[in-house]
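Peer 1: Any chance you could fold what I've pasted below:
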Amino acid sequence: MKIKETIFKSYDIRGKYPQEINGETAYFLGKAIASIFPSKKIIIGRDSRPSSKILFKSLSQGVTDQGVDVIDIGLTTSPIFNFVVAGYDISDLGIMITASHLASNYNGFKIVDGQATPLDTEQRETIKEIMIKNKYSPSSKKGVLTKIDPYRDYLQKLFSLIKTPSDELREIAKKIKFTIEYDQDKDRIIFFDEQGEKITGDLITAFLSKYLLQEYKGEKIIFTVNSSKIVPEEIIKNGGKAIVSRVGHSFIKKKMKKENALFGGEVSGHYYFRDFYFCECPDLVLLKVLEISKKEKKTLRELIKPFKKYYSTGELNFKVKNKDKKIEEVTQFFKNVKKSFLDGLTCELGNWWFNLRPSHTEEVLRLTMEADTKEVLDQEKKKLIKLIKE
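Peer 2: Numbers count the residues shown, from 1 in each chain. Sure, this is the predicted structure:
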């Protein structure tokens, strides 16, 4: 079969269904993964997209045709999938069928090791090469498929990580006026306060850091280059160690494990916990927010207000012909200011800063700016956007 190489992304495999990813793609992906890795069992879960069930059937067939067993956890979420992979100790490989936050006409595959860490670039390239060359290891045996339901175990794990009894939390949840949104595979959560205003993930990270550091003094917390500076300020203010990371779950998980960090958060609404295998757990974030609101006897809007100290553009996207060249041009323009190249270009200019980073999948640059006042933000935004568009 002919594989579309564009489906292999920086962190996972994804594309439009059925034009780029379909049953045939899934089947040969299953064969390739089972050919490369020595695992005797592979855990497979899927999200709620209509195409996920079809892809599961083909993917599991490809795995078992290579003589490897499949553990089917059925329709699930990425956090439950990660819990099974990292917590059950029954396999050293897992595949989650999902395209995460993308529209329902997309689908894909997240492939992780036994610690629920995404495969590295070399491993993904090996899978890609086998599929393109159509070279699979021969197998004389047939794997078997076993179904398990981990939901009760997941809930038990979840409630073991909070102090408030579950029945009390249910009563609190009945009274709240703020709302939440999950994405398709439920690995991110977005909060909207009691007046319907969206709360960005970096503000939730700053808010939770304050309370987590009251209990876990001096711990390390990870934030991303595009986060508000209120995040490191709040971490340091509360006695923690603030560590910056590149944007993206694979980078954050590796950084968290390397630093043994307590917690990590992204602007996009992904939150990671050491006590949850350094993985995303939006459900735990929600429970902790409920706990804090009960303790403080305040609305979410009141709780978040102290962290709305600065003015931000949010993320702005610009289509460019040459991402690296444009970043170099901007770098030269700001050659005499404090800068970092951890993820694209970050420049600090006293009462404002910006991060300009390239998309991993498109000819797009992503800009985030923040300033001490709205006037400074509006003024500097016009200049910087003009420079990017030149």
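
Peer 1: residues of whichever strand or helix holds V289 that come out buried?
Peer 2: Using DSSP states H and E, the element containing V289 is helix 282-296. For helix 282-296, a neighbour-count test (16 or more other Cβ atoms under 10 Å) marks 282-294 as buried. Glycine gets a C-beta too; all of them are placed from N, C-alpha and C.

Peer 1: Stretch 130-144 now?
Peer 2: I130, M131, Y136, G143.

Peer 1: Which members of those occur in helices, if any?
Peer 2: Counting by DSSP state H, the buried residues of stretch 130-144 place I130, M131 in helices.

Peer 1: what ranges do the helices span in the stretch 1-150 of the chain?
Peer 2: 23-36, 50-65, 78-87, 121-133 (DSSP state H, counting those that start in this stretch).

Peer 1: any idea how far the spatially most central residue of the chain is from H270?
Peer 2: By Cα atoms, centre = their mean, the chain has its centre lying nearest to H249, at 4.1 Å. Noted for H249: a distance of 6 Å to H270, by Cβ to Cβ, to the nearest Å.

Peer 1: what touches both of those two?
Peer 2: Contact criterion Cβ atoms under 8 Å, 6 or more residues apart in numbering; residues shared by H249 and H270: D187, E280.

Peer 1: For the stretch 1-150 of the chain, give me the ranges with low pLDDT.
Peer 2: 1 (pLDDT under 70).

Peer 1: per-residue pLDDT, L342?
Peer 2: Here the pLDDT value assigned to L342 is 98.

Peer 1: if we can go back for a sec, now the helices of the stretch 1-150 of the chain as TSV including distance to A173?
Peer 2: Rendered in TSV, the data for those read as follows (distance: least, Cβ to Cβ, whole Å):
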stretch	distance to A173
helix 23-36	38
helix 50-65	28
helix 78-87	18
helix 121-133	40
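
Peer 1: now for the ones you listed, which one comes closest to F178?
Peer 2: F178 sits nearest to helix 78-87 of all these, at 20.6 Å, using Cβ to Cβ.

Peer 1: Between helix 282-296 and that closest one, find me the angle.
Peer 2: Inter-element angle recorded for helix 78-87 and helix 282-296: 110 degrees (by axes from the mean of the first three to the mean of the last three Cα atoms, to 10 degrees).

Peer 1: Other residues contacting helix 78-87?
Peer 2: Counting by Cβ under 8 Å, 6+ apart, 43, 45, 47, 71, 73, 90-91, 93-94, 96, 98, 100, 110, 112, 114-116, 148, 150-151, 153-154, 157, 185-187, 276-277, 279-283 sit against helix 78-87.

Peer 1: If we use 7 Å, what do you get?
Peer 2: 43, 45, 73, 91, 94, 96, 98, 112, 114-116, 150-151, 154, 157, 185-187, 277, 279-283 (Cβ atoms under 7 Å, 6 or more residues apart in numbering).
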